[in-house]
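A.B. asks: okay, here's the prediction I keep looking at, along with the sequence it came from:
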Amino acid sequence: MTSEPAPRVEQPQPVARVRDLPVPDGFRMSRLLSPLGARLAGPANFTMQLAWPGVGYGVMNSRVHDGSAMRHPIKRARTTFTYLSVSMLGTEDDRAAFRKAVNRQHAQVVSTPDEPVEYHAMDPRLQTWVAACLYYGTVDMIEKFHGPLDDTTADALYAHGAKFGTTLQMPAEAWPADRAAFAEYWESSLAEVHIDPPVREYLMKLIRMENMPKLLGGFSDFNVFVTTGFLPPRFRDEMKLAWSDADQARFDRLMRRCGRIERLIPWFVRGLPFYLLLFDMRMRRRLGIRLV
């Protein structure tokens, strides 16, 4: 009886600081933060990221069990929202430290010979797609809550959006040059969107909150509804989720109400959860505690 070959695990490469793309003077990401929007749109964005098979199978079959959303949903949520906080608010030094910590995890996420898709979580191409989904979802959520962004803000937010990728392994030059180039990248990338049944089943368990404490089970139907609403049609079809004109009208009303509520809250209060997570990351780093 022959033993199965051990999966190859590549060691993280030395981590150098990644020079950020220039962001226009006066732009403050803190004014656009939305914990409510991040929570509501988060499952849809995660679904979009996993719609590329290399990401989908990599996350679903990851051997880094302490970062599994199914096994450790609270820890995974903390890590994810800390990553978002570091990307949006952190310094270049913060991002370099967090990138190094993430690399230790990602270096272990590699496909085995018997898997249907080859992947490696350190692949900058896959990470560019993840960053693109996060940027796309950020703009989509803001505009669903508050209406279209003006061109100046939209351009500044786009430049800032590169940090979603450079906080990982994406080189800054991989980020499309401007919003028009991004639109072309996004359209061409949709050709690679495909969700196989095992990945779809995995995602539906998360969307139905089957990984969460039973106390939250009553929010399952609402989470499915909101997630379906945030998914663009191409992804909604891949997930085989039904959606009607009545559903869309109900979803639009909900988004407008969320926007009205959010506008009543001062921007520095809205951003507090992200600043607290950034502070927690810095304290962990200072005390020598694992960041992820």
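C.D. replies: Here it is on my side, so go on. Here the structure is a predicted model, which means the values were calculated and not measured.

A.B. asks: just give me the residue closest to the centre of the chain.
C.D. replies: Closest residue to the average C-alpha location of the chain: Leu134 at 4.9 Å, with Cα atoms, centre = their mean.

A.B. asks: can you tell me the helix or strand for the residue nearest to that one when sequence neighbours are not counted?
C.D. replies: Nearest in space to Leu134, with sequence neighbours left out and distances taken as Cβ to Cβ, 6 or more residues apart in numbering, is Phe164 at 4.3 Å. All C-beta spots, glycine's among them, are computed from the backbone N, C-alpha and C. Using DSSP states H and E, Phe164 sits in helix 163-166.

A.B. asks: which is the next helix or strand following that helix?
C.D. replies: helix 179-189.

A.B. asks: wait, what's in contact with Val117?
C.D. replies: Counting by Cβ atoms under 8 Å, 6 or more residues apart in numbering, Val117 touches Pro53, Gly54, Gly56, Tyr57, Ser111.

A.B. asks: mind checking pLDDT for the first one?
C.D. replies: pLDDT recorded at Pro53 is 97.

A.B. asks: what do you get for the fourth one?
C.D. replies: On pLDDT, Tyr57 comes in at 96.

A.B. asks: contacting residues around it?
C.D. replies: Ser111, Glu115, Pro116, Val117, Tyr119, Asp196, Val199.

A.B. asks: with secondary structure and pLDDT as added columns, please give those in a markdown table.
C.D. replies: Below are those laid out as a markdown table (DSSP: H, G, I helix; E, B strand; the rest coil; pLDDT from 0 to 100):
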| residue | secondary structure | pLDDT |
| --- | --- | --- |
| Ser111 | coil | 93 |
| Glu115 | coil | 91 |
| Pro116 | coil | 92 |
| Val117 | coil | 92 |
| Tyr119 | coil | 92 |
| Asp196 | coil | 97 |
| Val199 | helix | 97 |
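
A.B. asks: possible to save the residues you listed as JSON lines with distance to Gln127?
C.D. replies: Output for the contacts of Tyr57, formatted as JSON lines (distance: Cβ to Cβ, whole Å):
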{"residue": "Ser111", "distance to Gln127": "16"}
{"residue": "Glu115", "distance to Gln127": "19"}
{"residue": "Pro116", "distance to Gln127": "21"}
{"residue": "Val117", "distance to Gln127": "16"}
{"residue": "Tyr119", "distance to Gln127": "11"}
{"residue": "Asp196", "distance to Gln127": "21"}
{"residue": "Val199", "distance to Gln127": "18"}
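
A.B. asks: what about the stretch 1-150 of the chain, any weak spots by pLDDT?
C.D. replies: 1-25 (pLDDT under 70).

A.B. asks: could you say what helices and strands the lengthiest helix in the chain packs with?
C.D. replies: Longest helix in the chain by number of residues (criterion: DSSP state H): helix 124-146. Packed against helix 124-146 by the contact rule (3 or more Cβ pairs under 8 Å, 6 or more residues apart in numbering; DSSP states H and E) you find helix 35-50, helix 53-60, helix 151-161, helix 163-166, helix 179-189, helix 220-230, helix 245-263.

A.B. asks: please work out which of the ones you listed is packed deepest.
C.D. replies: Ranked by mean neighbour count, the helices and strands packed on helix 124-146 are led by helix 163-166 with a mean of 25 (mean count of other Cβ atoms under 10 Å).

A.B. asks: contacts for that one, please.
C.D. replies: 18, 20-21, 87-88, 95, 127-128, 130-132, 134-135, 172, 174-175.

A.B. asks: just the closest of those to Gly218, please.
C.D. replies: In terms of Cβ to Cβ, no member of the contacts of helix 163-166 lies closer to Gly218 than Leu134, at 28.6 Å.
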